[in-house]
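**Student:** I would like to see how this sequence folds:
(one chain, ligands or ions: 1)
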Amino acid sequence: MPSRTTRPKPPAESTLLAGIDLGGTKIEGVLLDGAGRVLHRRRLATPAGDYAGTLDAVAQLHQALERAAGRTLPLGIGTPGSPSPADGRMRNANSTCLNGRPLLADLEARLERPVRMANDADCFTLSEAVDGAGAGHRVVFGVIIGTGVGGGIAVNGRLLGGPNRITGEWGHNPLPRRNDDERPVPPCYCGRHGCIETFLSGPGMSLDHQQASGESLPAHAIVARALAGDPQAEATLARYEERLARALATVINLLDPEVIVLGGGLSQIERLYERVPELWRRHVFSDVVNTRLAPPRHGDSSGVRGAAWLWNPARDDMIQ
Ligand SMILES: [Zn+2]
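**Tutor:** As a prediction, this is how the structure comes out:
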């Protein structure tokens, strides 16, 4: 019999990862094992507009994850917006109480643990690239289409970072090849006009429908009516699909990803996965388009799973 000392260490059991997704309405924490299984999950309501309360809530969740793990753990956290490369203070967050705050430094001081932080769309992308719809592919573009529009890029299972910390932020590019019915362009909260987000977010779809039909409806109601055969809603959804195809074609021309994974509320529209790749063909600079458009494997859980994977023990650093 081999002696105890020569027996190899069991791999997955020893790995535990703590991730928190800091959202506008809820803060979710998970404890994953090395195989990506969820061992513990907990949610709190976000103390909206209250920065100190938000730090308290994150600390409370992290303590709960450590109690479940029975040991101390570093934290991976996904947040709206990103820290400025100039001074580390948050910017571009729609949870505006974070903006101007040194969130990473404050969390490390508060938790007394190492913290890795990434944008929520980046965490979504990482999750789907590691063990989701993009697993096994070299270049994955992750897209959030929901209240806002964001994105992230994973290469070989790691996030791509850059000197401005805005990798994948296609939502604030202008909608390409605008038609006459897309002028004048709507203003965006970012201060520019005609951003992709103003057309492809849920509020963007609502605004477009309201301008075309005079009726004010949330995006999910427009989609439900379109699927039930309402011609006005169908026209709105068709315009949405064509715009999404145009916007993603510019990403394909630039990045040539194997897979584009959609996340966020509007990713639940099943027919996007069939129609949009048919529509993007005419806009992509290639005779054949092999890029696949895929729904997320982990759905709403991808944000928090990606935050946990920021500490993937198989990699030194998940942001390259
Ligand atoms: Zn914008």
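
**Student:** thought residue 289 was touching residue 251?
**Tutor:** No. Using C-beta atoms under 8 Å, residue 289 is not in contact with residue 251, being 11.9 Å away. All C-beta spots, glycine's among them, are computed from the backbone N, C-alpha and C.

**Student:** The ion contacts on the stretch 101-250 of the chain?
**Tutor:** Counting by C-beta under 5 Å from the ion, the residues of the stretch 101-250 of the chain lying close to the ion are 172, 188, 190, 192, 195.

**Student:** Who has more neighbours out of residue 289 and residue 251?
**Tutor:** For residue 289 and residue 251, the more surrounded residue by other C-beta atoms under 10 Å is residue 251, and the numbers stand at 21 against 17.

**Student:** Which one of the residues of the stretch 101-250 of the chain next to the ion sits in the busiest neighbourhood?
**Tutor:** Each of these was scored by neighbours using other C-beta under 10 Å; the highest score is residue 195's, at 25 neighbours.

**Student:** That residue: what's it in contact with?
**Tutor:** 149, 171, 172, 173, 174, 175, 188 (C-beta atoms under 8 Å, 6 or more residues apart in numbering).

**Student:** one more time with 10 Å, if that's ok
**Tutor:** Contacts for residue 195 (C-beta atoms under 10 Å, 6 or more residues apart in numbering) come out as 148-149, 170-175, 185-189, 201, 204.

**Student:** do the same with residue 58
**Tutor:** With C-beta under 10 Å, 6+ apart as the criterion, the residues that contact residue 58 are 20, 22, 27, 29, 44, 46, 75, 77, 79, 103, 106-107, 110-111, 115.

**Student:** Filter the contacts of residue 195 down to just the buried residues.
**Tutor:** Buried by 16 or more other C-beta atoms under 10 Å: 148, 149, 170, 171, 172, 173, 174, 175, 186, 188, 201, 204, out of the contacts of residue 195.

**Student:** Would you list the phi and psi of the last one?
**Tutor:** Looking back up the chat, that one is residue 204. As for residue 204, its main-chain torsions (degrees, to the nearest 10) stand at phi -70, psi -40.

**Student:** Could you give me the buried positions within the helix or strand where residue 64 lies?
**Tutor:** Secondary structure assignment for residue 64, by DSSP states H and E: helix 51-69. In terms of neighbour count (16+ other C-beta under 10 Å), helix 51-69 has its buried residues at 51, 54, 55, 57, 58, 61, 62, 64, 65, 66, 68, 69.

**Student:** low pLDDT regions in this protein?
**Tutor:** Judged by pLDDT under 70, the chain has its weakly predicted residues at 1-13, 314-316.

**Student:** a markdown table please, covering the buried residues of helix 51-69 and showing distance to residue 285.
**Tutor:** Supplementary listing: the buried residues of helix 51-69 in a markdown table, determined by distance: C-beta to C-beta, whole Å:
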| residue | distance to residue 285 |
| --- | --- |
| 51 | 45 |
| 54 | 44 |
| 55 | 47 |
| 57 | 47 |
| 58 | 44 |
| 61 | 46 |
| 62 | 46 |
| 64 | 50 |
| 65 | 46 |
| 66 | 50 |
| 68 | 50 |
| 69 | 49 |
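
**Student:** Out of those, which are close to the ion?
**Tutor:** Within the set of the buried residues of helix 51-69, contact with the ion (C-beta under 5 Å from the ion) is found for no member.

**Student:** Name the helix or strand for the residue nearest the centre of the chain, please.
**Tutor:** Against the mean C-alpha coordinate of the chain, by C-alpha atoms, centre = their mean, the closest residue is residue 121 at 2.3 Å. Using DSSP H and E, residue 121 falls within helix 120-131.

**Student:** Next secondary structure after that helix?
**Tutor:** Per DSSP H and E, the first helix or strand lying C-terminal to helix 120-131 is strand 139-145.

**Student:** Pull out the buried residues from the helix or strand that that next one is followed by.
**Tutor:** Scanning the chain past strand 139-145 towards its C-terminal end, the next helix or strand to appear is strand 149-155 (assignment: DSSP H and E). Neighbour-count burial for strand 149-155 flags 149, 150, 151, 152, 153, 154 (criterion: 16+ other C-beta under 10 Å).

**Student:** Sounds good, over and out.
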